[in-house]
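# Need a 3D model of the following:
(3 chains)
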Amino acid sequence: MSTYDLIFYLFAAITLLSGFVVVTSKNIIYSAFSLLFTFFGVTGIYALLGADFIAVVQLVVYVGGILILLIFGVMLTNKVTNVDLKTGGVNVLPAAIGTGLFAGALTAIMSKNYWRAGNITYEETTIYTLGSKLLLEYSLIFELLAILLLVALVGAAVIARRGRES
Amino acid sequence: MNDPLILYASLITLFLPVAGFALVTFSLGRIKKVFIGEISLMAVSLLSSVYILIDKLFLHPGVTSVFEFSWISFATGTGNQPINVKLGISVDSVTAILMFAVMLISFLVHLFSVEYMHGDKRFNRYFGYLGLFTFSMLGIVLTHNLLMMYIFWELVGLSSYLLIGFWFEKDSAADAAKKAFLVNRIGDIGMFLGILILFITYGTFTFSEIFAGIGSGKLPFDSEGWLTAAGILVFLGAVGKSAQFPLHVWLPDAMEGPTPVSALIHAATMVAAGVYLVIRIFVMLTADAMVFIAVIGALTAFISATIALTQNDIKKVLAYSTISQLGYMVMSLGVGAYAFAFFHLITHAFFKAGLFLGSGSVIHAMHHEQDIRNMGGLRKKMPVTYFSFLAYTLAICGIPLTSGFLSKDGILAGTYSFGLLTGHWLIPILGFSVVLLTAFYMFRLLFKTFHGKPADLHKYEHAHESPFLMAMPLVVLAVLSVFFWYGLNPASPDSAWFVSKWIDVPAKVVPESSNFSFMNTTATGGESLYNAEYTEAQHHAHFPTMIMSLLFDIVAIGLALLFYIYFKLNSRKLAAALPAVYNFSLRKWYFDEFYNGVIVKGTLLFSSGLYAFDKYIIDGIVNFSAYLTKLISRVSSAFDIIFVDGLVNFTAYINGFAGKHLRRIQTGKVQTYLVLVLFALLTLIILFKP
Amino acid sequence: MESMSVGLTHFLVLSSLLFSLGIYGILTRKNAVLVLMGVELVLNSANINFIAFSRFGNFGYDGQLMALFVIVLAAAEAAIALAIVLNIYKSFHNVNVDEIDKLKE
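The predicted structure is shown next:
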């Protein structure tokens, strides 16, 4: 077992465990913070896969942006007067069964399949290539994403605006 | 050679009275005096009958006119003989004389009734009924076959019913009408059976054909016994209609009807129909049948005469007198005195009608008083009535110089000679005793009504002679009770025209073995009934009869004088001395009580038995089947409710149950739907594994 | 497992499990925000998949670019979604998914 494998298993464990806590914890704050750890784990996975830029982007955007947003959401939409933000589960049993089966099926497919896997080595950093690809080959998508972000920004502001509706 | 004029005249005579009935009935009370139409039609009919009489007696004596037509005709009947029922009329001297008598008396009764029934609320209808009756009676007289005679027989019964029960508001009148009809019906059963036997044997209803059949040797069921039976059965019809013993009980009750009706129907004509029937079938009666008939007639005459002795109602006395005289006629036919029977029929018709009309006159004058104990001394107040009544009484007693003497003596002579020839002495003995009784009770009636002191002074004061329309018929009939219309010699019955000229006594058609030796049969080539032996006996009987009857008359009249004029003997004391005899006579020999107790009650018992059977058994069966049906229907309905409805309900329940539970899928939660999506996806993956 | 060394399969298995967890979270959680967290997990697992294939397949940098785009989109979507949740909270004063079931009628 090489070091690579060990680190992989470590990060995988972090991810999965945190993910499990996210989806099963009764306390919302615990779920939110476990999500943080999940994101960390995923970052590690990205790094192992040689996608360094993506890993960092993940960290910055997800943890720094989305997670904060989610926590703000949690705070804003729950009465925080009582400290314990408990929440129950819905359809636990059927969902568990379904998900279990689904996971089993998916895993089976993935593992039993014969992927044409190669082994590609990357340059040290991927950032340059990604940047140039973004602006040259995928420039349309890039522009569209920019517009999308703008729209999302405006839209979110409009939707969440308080007062003067109805 | 049948004279068509006779046919037309007969049809006119026959149908005008019923035209009068139709006129009255169908004018529906709108024509106020429609009875005048009826009387005028009767007058024309009377004239027509006079023509026929003159023709048959003087112009063409001895000729019988027959007119017939075929009514029902089948090619094959019983025993493959063709059935051909003919209807028609036959007019001979007997028919003509009787027709005239019926028409005359009917016409006189019409006139009498105009005054007698004055003010009655159903005045016009009464005349209609009289017309109907006259028509029916003429039908009987004219017919030449048994079927038509039976039809008119029943019609006469119907007319009698309508007229007896004319004042139907009175219960007694309605009951009397019913009684008359029912008792007649009993006799009619026998008559019908007799007719059937004859029809089955000879295939025809016509008299002449039947007699020809018998004469040729064919007997019903090939036995003389059956021939006797047929004769007696047909005679039973006469027993009913002519009120012979034992079916005489209806005639006294029939006095509930108006008095002119009693005069017409129950004295002169309808009751004579029975005698006429026997006259018509005379030639087919065997010796045994004859004896039977004679005995019945004699018994009837005797029994009713004894009853008449004690009756106190004027009409009842006359009713029993009628029964007694009818018995005389029947007895006369039974012993073979054919012509005298018919002669007495005619003379009796006239003087009995007169007696009834006279009593009607008295009743009318005494304001509907009928009990002779309340009358008396009326001869001074009502001379016309009194003298005509006297004439009738003399006639009925058979006093010389009256018509009655000629006919009655002839009958008595006949019974006497019969006794001489056959040794059946009961018949003449009864016949002669009746002479005594008749004279007594008739003069009793006369004395109590018209002589002596009046019992009810108030009514006596108001009594007066009847008006012309009532008195005239009395005079006419009184005149007809004198001898000279019937023969030149008042003392010799045998030389009366009836016997010597007008009536031919036919010979018998029965086989020799069932006939009297002194009577001729057609088989031996005889034309007249009487052979030398019989005529001889008749001559011997003639003189003693006359002496004896006169003797009895004198004795009886003397007794009556003693009782009721000179009061040397007291009837009341006599009655008290012999209470059993008196009561037996007064209570009509208890016939009505006996019939009521045995026959009427027996029938009612039987009918209530049948009613119980019907109610409990038949209805029980019906009810039981209804009950079963109800039971089955309940079971079936239970089955329906439990199984069929249960099935339906169960299906609905299943649906509801499934729905209730399956509804839970619709939670409205998106997450639930997502779970379902996941499951669907899983299913797809598993099914379509790559 | 065909080899002890970590290969494509391992990453794929990881992403599958993470995906399942995310699905479980979406299906099970009552609070809307927690559902969003589940969605984030799903998106992350998809990203892992992309990058894994980009590394072990012959896709060059396409996979990574894809992942970039996914991240951007995830962010935008999270913003919008939360805005909506806040709106719902304003109306119902409650963000329990199972109690906002107007769809039931």
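
# per the record, what domains does chain A have?
For chain A, the structural domains run A:3-88, A:126-166, going by automatic domain parsing.

# Go through those and name the closest to B:V330.
domain A:3-88 (129.7 Å; Cβ to Cβ). Heads up, the C-betas are built off the backbone N, CA and C, glycines and all.

# roughly how far out does the closest one sit from the chain middle?
The offset between the C-alpha centroid of domain A:3-88 and the centroid of the whole chain comes to 7 Å, using Cα atoms, centre = their mean, to the nearest Å.

# And chain B, is it touching that?
No: shown here: domain A:3-88 not in contact with chain B (Cβ under 8 Å from any Cβ of the partner chain), separated by at least 12.5 Å.

# winner for burial among the domains of chain A?
Here the criterion is mean neighbour count by mean count of other Cβ atoms under 10 Å in any protein chain shown, and of the domains of chain A the winner is domain A:3-88, at a mean of 18.

# Wondering if that domain reaches chain C at all.
Yes: among the residues of domain A:3-88, A:4-5, A:8, A:12, A:15-16, A:19-20, A:22-23, A:28, A:31-32, A:35, A:38-39, A:42, A:45-46, A:49-51, A:53-54, A:57-58, A:61-62, A:65-66, A:69-70, A:72-74, A:76-78, A:87-88 lie within reach of chain C under Cβ under 8 Å from any Cβ.

# B:L47 and B:A263, how far apart?
Shown here: B:L47 relative to B:A263, a distance of 22 Å by Cβ to Cβ, to the nearest Å.

# And the two? Which one has more around it.
Comparing B:L47 with B:A263 by other Cβ atoms under 10 Å in any protein chain shown, the one with more neighbours is B:A263, at 32 against 14.

# show me what contacts C:S54?
Contact partners of C:S54, counting by Cβ atoms under 8 Å, 6 or more residues apart in numbering or on different chains, are A:49, A:51, C:60-64, C:66-67.

# Sort out for me which of the residues of domain A:3-88 next to chain C are in strands.
Counting by DSSP state E, no part of the residues of domain A:3-88 next to chain C is found in strands.

# Residue ranges in the chain under the pLDDT threshold?
Looking at chain A here, since you left the chain open. By pLDDT under 70, the low-scoring segments of chain A are A:1, A:80-91, A:117-123, A:162-166.

# try again with chain C
By pLDDT under 70, the weakly predicted segments of chain C are C:1-4, C:100-105.

# which residues of it fall in helices?
Listed in chain order, the helices found in chain C under DSSP state H are C:8-28, C:32-56, C:62-92.

# so which of those helices gets nearest B:P383?
In terms of Cβ to Cβ, the element of the helices of chain C nearest to B:P383 is helix C:62-92, at 138.5 Å.

# can that closest one be found next to chain B?
No: in terms of Cβ under 8 Å from any Cβ, no part of helix C:62-92 sits within range of chain B; the closest distance is 12.6 Å.

# Between helix C:32-56 and that helix, find me the angle.
Orientation note: helix C:62-92 sits at an angle of 180 degrees relative to helix C:32-56 (axes from the mean of the first three to the mean of the last three Cα atoms, to 10 degrees).

# residues contacting residue 22?
Looking at chain A here, since you left the chain open. Contacts were defined as Cβ under 8 Å, 6+ apart; by that measure A:V22 touches A:31, A:34-35, A:38, C:21, C:25, C:34, C:37-38, C:41.

# That was the other one, I meant chain C.
A:19, A:23, C:38-45.

# Counting neighbours, what do you get for B:N312?
13.

# I meant to write C:K30 there.
The local packing count at C:K30 equals 20, with neighbours defined by other Cβ under 10 Å.

# Could you measure from it over to B:F181?
110 Å.

# Check B:P467 too.
The gap separating B:P467 from B:F181 is 34 Å, by Cβ to Cβ.

# Just want to know which of those two has more residues nearby.
Taking other Cβ under 10 Å, B:P467 and B:F181 do not tie; B:F181 has more neighbours (19 against 14).

# Just confirm the more buried one is within a helix.
Yes: assigned with DSSP: H, G, I helix; E, B strand; the rest coil, B:F181 falls within a helix.

# For it, give me its contacts.
The contact partners of B:F181, taken as Cβ under 8 Å, 6+ apart, are B:157-158, B:160-161.

# Now do the same contact list for the residue sitting nearest the centre point of chain C.
Centroid-nearest residue in chain C: C:V42, 2.3 Å away (criterion: Cα atoms, centre = their mean). With contact taken as Cβ under 8 Å, 6+ apart, C:V42 is in contact with C:18-19, C:22-23, C:26.

# 10 Å - rerun?
The contact partners of C:V42, taken as Cβ atoms under 10 Å, 6 or more residues apart in numbering or on different chains, are C:15, C:18-23, C:25-26, C:74.

# Then A:V23?
Contact criterion Cβ under 10 Å, 6+ apart gives A:31, A:34-35, A:89, A:95, A:99, C:20-29, C:34-35, C:37-38, C:41 as the residues in contact with A:V23.
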